[in-house]
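Engineer: let me see the structure of the following:
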Amino acid sequence: MLIANNYTFRLSEHLEMTSFITTPSILGIWHMERDLFIEGNILYSTGKELMTTDGNSTALVFASNTSMSDSSFIAVSGFAQTSRAEVIFVDEVNGCLRSMNRSSNLMYNLTGDCGRRGYEDGFHALFKYPLFVVQDHFTPCLLYVPDLTNYAVRMVVKSSRPYVTTLISSANRPFLRIYTAITQAHHRKYLYITHSHGLECYDQMTNTSVDLILTRHHFGDALIYDSSFISFLSIILYKGLIITADYSQNKIFIVNPKTRSISLMCSGVAGQQPGNLSVCQLDSPMGLLEDDDDIYIGDKYGIRIIEGE
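Structural biologist: The predicted model follows:
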């Protein structure tokens, strides 16, 4: 298993990455969650579709019926299940969030003016390039959305009249940050956020941020400096460790904030070879999921699994 005894990370020599299901996708697998609607399944998005799988077969939940060049195309990048039946997903092509009810198959625009981009908070909010959405564990009516080219993390107050505010903005920083992925700690109100220059931890109680990783010293003060920490579209927490998938280097980064160290998983060679975590291959990994001590990784070939011991 992935072991964090005394906050020291090591890879078990017996641990291997294997294929959970092969579902090739040009755009890859963007996001995964344990399916709340179909027990035992994993719900995942491909950029164009929302799918569910039990590891043996897949079923379509939703797909856009138009081409990506069509203005009515509905993309599915990130999503969050807010109940057994409701899925909030991000349509990054049209710059908005949509809600789908899996029982009725009804869909409506939740927030953002689908088809029009910009930067505006309030009841009539505009997004420029939203990518993912995360539901707050402690206050379920709150949703967090990294808005890439507005260089901000937006917060949606979900209600009959959704209201959008800016939670974090890099507009006043010396270097603009493109925020990409978010996860929340289960035991404390911390948000861990990847961006174009590294990784930061946002304390929701004090509204302050600490840089855990920066790619360059001149970007500011951080616990760790690593120039290779650059291309992350997913992040999960695992037993005191922070795990991110690097789609450009075909590797998984494991960050131990206590020891201020980074370990790598897989070889960095693009491919689908399973095996030991030092030699396994991935191709543009994006989606990550931790479930019952198992770690699932989504890439262009499908979903891989690292089973915990």
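Engineer: so what's residue 23 up against?
Structural biologist: Applying Cβ atoms under 8 Å, 6 or more residues apart in numbering, one finds that residue 23 lies in contact with 29, 51, 53, 58, 301, 302, 303. The way it works is simple: take the backbone N, C-alpha and C, and place the C-beta from them, glycine included.
Engineer: quick check: ChimeraX command selecting the buried ones in those residues.
Structural biologist: Applying 16 or more other Cβ atoms under 10 Å to these, the buried members can be selected in ChimeraX as follows:
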select :29,51,53,58,301,302,303
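Engineer: show me the contacts of residue 23 that map onto helices.
Structural biologist: Among the contacts of residue 23, no member falls in helices (DSSP state H).
Engineer: let me know the closest of the contacts of residue 23 to residue 203.
Structural biologist: Of all the contacts of residue 23, residue 29 has the smallest distance to residue 203: 30.9 Å, by Cβ to Cβ.
Engineer: wait, what's in contact with the closest one?
Structural biologist: Counted by Cβ under 8 Å, 6+ apart, residue 29 has contacts 23, 44, 45, 46, 286, 287, 298, 299, 300, 302, 303.
Engineer: point out where this structure drops to low pLDDT.
Structural biologist: Scanning the chain for pLDDT under 70 picks out 1-13, 65-73, 309.
Engineer: now the most centrally placed residue in it. Its backbone dihedrals?
Structural biologist: Note on the chain: the residue nearest the mean C-alpha position is residue 234, at 3.4 Å, using Cα atoms, centre = their mean. Here is the backbone geometry of residue 234 (degrees, to the nearest 10): phi -150, psi 150.
Engineer: sorry, back to before: looking at the contacts of residue 23, which are in strands?
Structural biologist: Using DSSP state E, 51, 53, 58, 302, 303 are the members of those that sit in strands.
Engineer: so which of those residues comes closest to residue 262?
Structural biologist: Relative to residue 262, the closest of the ones in strands among the contacts of residue 23 is residue 303; by Cβ to Cβ it sits at 24.4 Å.
Engineer: beta partners of the closest one?
Structural biologist: According to DSSP bridges, the partner residues bridging residue 303 are residue 21, residue 298.
Engineer: is it true that it touches residue 294?
Structural biologist: No - judged on Cβ atoms under 8 Å, residue 303 makes no contact with residue 294 at a distance of 11.1 Å.
Engineer: secondary structure element holding the closest residue to residue 228 other than its chain neighbours?
Structural biologist: Distances taken as Cβ to Cβ, 6 or more residues apart in numbering place residue 249 nearest to residue 228, at 6.9 Å, with adjacent residues excluded. With secondary structure defined by DSSP states H and E, residue 249 is part of neither a helix nor a strand.
Engineer: residues contacting residue 249?
Structural biologist: By Cβ under 8 Å, 6+ apart, the residues touching residue 249 are 228, 230, 231, 268.
Engineer: what's the neighbour count on the third one?
Structural biologist: Pointing back at residue 231 there. Neighbouring residues of residue 231 were enumerated by other Cβ atoms under 10 Å; the total is 18.
Engineer: phi, psi for it please.
Structural biologist: According to degrees, to the nearest 10, the main-chain angles of residue 231 amount to phi -130, psi 70.
Engineer: what residues are up against it?
Structural biologist: Residues near residue 231 by Cβ under 8 Å, 6+ apart: 246, 247, 248, 249.
Engineer: from those residues, which is closest to residue 156?
Structural biologist: Distance to residue 156, by Cβ to Cβ, is smallest for residue 247 among these, at 25.7 Å.
Engineer: where along the stretch 101-250 of the chain do the strands fall?
Structural biologist: 106-111, 134-135, 142-147, 152-157, 163-169, 179-184, 190-195, 198-203, 208-214, 224-225, 232-238, 241-246 (DSSP state E, counting those that start in this stretch).
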